[in-house]
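A.B. asks: next input, structure requested:
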Amino acid sequence: MVSRDIRITKEYWERTAQEEDTIAGKSLRSMDDEHYQKEAFFVAQRLSLDKFDLFLSVGCGSGTYLRYLADKTRTTVGIDYAENAIYWARRV
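C.D. replies: Numbering: from 1, shown residues only. Have a look, this model is predicted:
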């Protein structure tokens with residue numbers, strides 16, 4: 001049962017990530033850069049991230065937040081089991 005649930009979830013995210021910059025059916029382009037910058041600043045501050053840290057985003061989607069966290073840490077890494085999401089994340 002668990003493997004079936006995982007497969008269904010993976011298929012959902014694969015379909016969702018087929019279009020560039022789309023997460024959960026919402027266009028990321030509709031959200032402005034200021035929104036992402038504010039959230040990245042909040043995350044960096046909340047986690048006390050600095051230039052020596054490695055940041056791992058599990059379920060990174062299209063990698064939009066990683067783009068804004070990249071200058072706050074030594075390394076940012078995103079993983080996602082939706083291959084389509086990783087395809088777009090590599091282009092961020």
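A.B. asks: how about the residue nearest the centre of the chain, secondary structure?
C.D. replies: In the chain, the C-alpha nearest the mean C-alpha coordinate belongs to C60, at 2.6 Å (C-alpha atoms, centre = their mean). Following DSSP: H, G, I helix; E, B strand; the rest coil, the label given to C60 is coil.
A.B. asks: need the pLDDT of the closest residue to it other than its chain neighbours.
C.D. replies: Residue nearest to C60 in three dimensions, not counting chain neighbours: G78, with 2.9 Å by C-beta to C-beta, 6 or more residues apart in numbering. Every C-beta, even on glycine, is put in place using the N, C-alpha and C of the backbone. What the model reports as pLDDT for G78 is 93.
A.B. asks: and G78, bridged to which residues?
C.D. replies: S57 (DSSP bridges).
A.B. asks: does it touch G63 like I think?
C.D. replies: Yes. Contact criterion C-beta atoms under 8 Å: G78 and G63 qualify, at 5.0 Å.
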